[in-house]
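Trainee: Can you look at this prediction? I've put the sequence above it.
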Amino acid sequence: MKNLIEISKIVTKKKVRKIEIFDDHSLKHKNSKFNEFYEALLANKFKNDRDAASFLYSCSPTDDKYRQLKSRFRKRLLNTLFFLDVNLPSTSSYDRAYYSCNKDWTLVKILLSNNAKQTAAALARQILTTALKFKFADVIVNCARILRRHAAEVSDEKNYEIYDEHSKQFQNVLDAEIRSEELYQRVIMNYYKPKVKTHELRERIDTYCDALVGLSEIYDSPIVIYNMYLVWAYRYEMLQDFEAMREVCSKAETYIEENPAYYQDDKLATFQLKKMSAFLHLRDWKNGKINAEKCLQSFPEGSETWFNFMEYYILLAIHTDNYINALAIYTKATSNSKFKKLNANTKEKWRIYDVFLNYIIESKGDENPVLLTQKRKTFRLSRFINDPVLYPKDQRIFTVLMVIGQLLFILEKKGYNAATERIDRLKSYANRQLKKEEYFRTIQFIRLLQQLVKADYQVENLSNVDKYYNRLVDTPFYYRGLIPELEVIPYENLWNMVLTRLKKESTVRSS
């Protein structure tokens, strides 16, 4: 009762007249500008403030009306964060507990700032109990310090020593976690740099790995252990030792299974995606499919993680010539109700998959009649071939892949003049706009296509192709989710497909 009285006095003095949040009740008022703003944001209608201001008030983003609405809207959104429903079935116990501890910790600080020491200490004890169960070192240190001070103020020596021990023990754990985070961050900060620039990092990452193993042996912290597995996975990925990367991810999954109290959705998803990447690069369809069907049950269907996983799944199917499966994966992903809400880059990737799947049907249908039954009426070949295809600079690889797609269909139709036009366009990209370090494999494939023009599309007349083809073989496909690295069909495989089709055409002509 003392605590309730203490809280009531604070609320009486400083309460607000109305708490502005977004809840089910407030969102029923469809005519509200707040709700218009909210719904439009969810529908991805805005790219910038100018779009929002025009949509809401037909004014400039500097107009006071819009600026005031945006400020109040932001405040309401932030207020709503304190009332999130973390008890959803998809939320792990670990994540729920961490959210609750931090929200309650904010209350402790508010109580202390209003001199409600007794109530603050009582709440801190509750938080500490949960934090110890899940080993939230940062929360434990914060609570232990508050409780240690409170124990000193009330001359409680026994509890003072208990809280002092917690403070010292978990300060060491927290320092280890901070160090493990630093090492992990140093890796990911350089992870997406072009491959040629990661050699020095590969040398340093060995030191990071050893340091993380040492920390994990001393401190039983899920944060340290997760970071250890992640850095080892990145290490093997950079070395392109995908079998070792798969094994590390499997060990991480085992740790998660054996320590359900520390289960976190995002950590499991990261390891499962890395594992799927390993199967893609190993071109291991059998185990990759088993892994995919198991892991897809872990993600909410239609979530961002689910679509990321489906991308690796469809690439694995295509790269291992499992085209019927690839078509099924494509259909499942694009027919999902949330597909339309994906960002532009992701949707364009799937559009490109559609193009290459249709080419596969076109070029291999005579060998596999089942493929012919998969033709989609929505794919308009003539419209696609005549599409000028021009993406923004940051999506240049989409332009290149689409032009390659056009070329493939044109070669099927024996339109060699049009094929030469496409190859000349690709040559221009290779010479002037594609950076060698980022688009090395793409450039080598374009150089191979240039030899087709010189040979007048007669395979027997081809020359000077070995050096470009060998460069592709010596620099294998390597995909980390970056747009410049995307290859729907590995270029060396695609080159062999083109040659096979041209040889077949040549045989038909000669007979």
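Mentor: Okay, I see it.

Trainee: alpha carbons only for contacts and neighbour counts from here, please
Mentor: OK.

Trainee: Which helix or strand lies directly C-terminal to whatever helix or strand residue 181 lives in?
Mentor: Assigned by DSSP states H and E, residue 181 belongs to helix 157-191. Once helix 157-191 ends, the next helix or strand along the chain (criterion: DSSP H and E) is helix 199-218.

Trainee: Please work out which residues outside that following helix touch it.
Mentor: 176, 180, 183, 187, 190, 224-225, 227-228, 231-232, 235, 238-239 (C-alpha atoms under 8 Å, 6 or more residues apart in numbering).

Trainee: between it and helix 157-191, how big is the angle?
Mentor: In terms of direction (axes from the mean of the first three to the mean of the last three C-alpha atoms, to 10 degrees), helix 199-218 departs from helix 157-191 by 160 degrees.

Trainee: Buried residues, helix 199-218. List them.
Mentor: Within helix 199-218, the residues that count as buried by 16 or more other C-alpha atoms under 10 Å are 202, 205, 208-209, 212-213, 215-216.

Trainee: CA atoms only for it - export them in PDB, please.
Mentor: Only the C-alpha atoms of helix 199-218 are listed here, as PDB (Å, rounded to 0.1, in the frame of the first residue of the first chain):
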ATOM      1  CA  HIS A 199      42.000  -9.800 -47.500                       C
ATOM      2  CA  GLU A 200      43.400  -7.800 -44.600                       C
ATOM      3  CA  LEU A 201      40.100  -8.300 -42.700                       C
ATOM      4  CA  ARG A 202      40.400 -12.100 -43.100                       C
ATOM      5  CA  GLU A 203      43.700 -11.900 -41.200                       C
ATOM      6  CA  ARG A 204      42.300  -9.800 -38.400                       C
ATOM      7  CA  ILE A 205      39.200 -11.900 -38.200                       C
ATOM      8  CA  ASP A 206      41.300 -14.900 -37.000                       C
ATOM      9  CA  THR A 207      42.300 -12.900 -34.000                       C
ATOM     10  CA  TYR A 208      38.700 -11.900 -33.400                       C
ATOM     11  CA  CYS A 209      37.600 -15.500 -33.500                       C
ATOM     12  CA  ASP A 210      40.200 -16.600 -31.000                       C
ATOM     13  CA  ALA A 211      39.300 -13.800 -28.700                       C
ATOM     14  CA  LEU A 212      35.600 -14.600 -28.800                       C
ATOM     15  CA  VAL A 213      36.300 -18.300 -28.100                       C
ATOM     16  CA  GLY A 214      38.300 -17.200 -25.000                       C
ATOM     17  CA  LEU A 215      35.500 -14.900 -23.800                       C
ATOM     18  CA  SER A 216      32.900 -17.700 -24.300                       C
ATOM     19  CA  GLU A 217      35.000 -20.100 -22.200                       C
ATOM     20  CA  ILE A 218      35.100 -17.600 -19.300                       C
END
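
Trainee: Might you calculate how far that helix sits from the centre of the chain?
Mentor: Mean-position distance between helix 199-218 and its chain equals 24 Å (C-alpha atoms, centre = their mean, to the nearest Å).

Trainee: go on, stretch 160-168?
Mentor: How far stretch 160-168 lies from its chain's middle: 40 Å, per C-alpha atoms, centre = their mean.

Trainee: Just confirm residue 355 contacts residue 405, I think it does.
Mentor: Yes: look at residue 355 against residue 405 with C-alpha atoms under 8 Å: they come within range, at 6.5 Å.

Trainee: average pLDDT for the helix holding residue 181?
Mentor: Averaged across helix 157-191, pLDDT comes to 95.

Trainee: quick one: it to chain centroid distance?
Mentor: Chain-centre distance of helix 157-191: 28 Å, with C-alpha atoms, centre = their mean.

Trainee: please renumber so the chain begins at 35
Mentor: Shifting the count to begin at 35 puts that one at helix 191-225.

Trainee: packing partners for that helix?
Mentor: Under the contact criterion of 3 or more C-alpha pairs under 8 Å, 6 or more residues apart in numbering; DSSP states H and E, helix 191-225 touches helix 171-187, helix 233-252, helix 256-272.

Trainee: Buried ones in it, by neighbour count?
Mentor: Using 16+ other C-alpha under 10 Å as the test for burial, helix 191-225 gives 194, 197-198, 200-201, 204-205, 207-208, 210-211, 213-215, 217-218, 220-221, 225.

Trainee: Just the angle for that helix relative to helix 171-187, thanks.
Mentor: Using the same axes, to 10 degrees: helix 191-225 against helix 171-187 is 160 degrees.

Trainee: and the gap between residue 419 and residue 460?
Mentor: 15 Å (C-alpha to C-alpha, to the nearest Å).

Trainee: Looking at those two, which is more packed in?
Mentor: Using other C-alpha atoms under 10 Å, the more surrounded residue of residue 419 and residue 460 is residue 460, with 25 against 18.

Trainee: Run a quick check on the more buried one versus residue 480, I expect a contact.
Mentor: Yes: with contact defined as C-alpha under 8 Å, residue 460 reaches residue 480; the gap is 6.5 Å.

Trainee: Work out for me the element the residue nearest to residue 107 when sequence neighbours are not counted sits within.
Mentor: Nearest non-adjacent residue to residue 107, counting by C-alpha to C-alpha, 6 or more residues apart in numbering: residue 68, 6.4 Å away. Residue 68 belongs to helix 67-76 when assigned by DSSP H and E.

Trainee: tell me which residues in that helix are buried?
Mentor: Neighbour counts over helix 67-76 (16+ other C-alpha under 10 Å) mark 68-69, 71 as buried.

Trainee: which residues sit against the helix or strand containing residue 417?
Mentor: Assigned by DSSP H and E, residue 417 falls within helix 415-419. Helix 415-419 has contacts (C-alpha under 8 Å, 6+ apart) with 440, 443-444.

Trainee: Distance from the chain centre to the next helix-or-strand element following that helix, please.
Mentor: Downstream of helix 415-419, the next assigned helix or strand under DSSP H and E is helix 430-446. Offset of helix 430-446 from its chain centre (C-alpha atoms, centre = their mean): 26 Å.

Trainee: what's the average pLDDT for helix 430-446?
Mentor: Mean pLDDT, helix 430-446: 94.

Trainee: Which residues does that helix contact?
Mentor: So helix 430-446 is contacted by 382-383, 386, 389-390, 393, 397, 418-419, 423-425, 450, 452-453, 456-457, 460, 463, 517-518, 520, 532, 535-536 (C-alpha under 8 Å, 6+ apart).

Trainee: what do you get if the cut-off is 7 Å, keeping everything else the same?
Mentor: Outside helix 430-446, the residues that touch it by C-alpha atoms under 7 Å, 6 or more residues apart in numbering are 386, 389-390, 393, 419, 423-425, 452-453, 456, 460, 517-518.

Trainee: Export it to PDB, keeping only CA atoms.
Mentor: The C-alpha trace of helix 430-446 is given here as PDB (Å, rounded to 0.1, in the frame of the first residue of the first chain):
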ATOM      1  CA  ARG A 430      22.200  -1.000 -62.700                       C
ATOM      2  CA  ILE A 431      22.600  -4.800 -62.400                       C
ATOM      3  CA  PHE A 432      18.900  -5.100 -62.800                       C
ATOM      4  CA  THR A 433      19.300  -3.400 -66.200                       C
ATOM      5  CA  VAL A 434      22.100  -5.700 -67.100                       C
ATOM      6  CA  LEU A 435      20.200  -8.900 -66.100                       C
ATOM      7  CA  MET A 436      17.000  -7.800 -67.900                       C
ATOM      8  CA  VAL A 437      19.000  -7.000 -71.100                       C
ATOM      9  CA  ILE A 438      20.700 -10.400 -70.800                       C
ATOM     10  CA  GLY A 439      17.200 -11.900 -70.400                       C
ATOM     11  CA  GLN A 440      16.000 -10.100 -73.600                       C
ATOM     12  CA  LEU A 441      19.100 -11.400 -75.400                       C
ATOM     13  CA  LEU A 442      18.400 -15.000 -74.400                       C
ATOM     14  CA  PHE A 443      14.800 -14.900 -75.800                       C
ATOM     15  CA  ILE A 444      16.100 -13.100 -79.000                       C
ATOM     16  CA  LEU A 445      18.600 -15.900 -79.600                       C
ATOM     17  CA  GLU A 446      15.800 -18.400 -79.200                       C
END
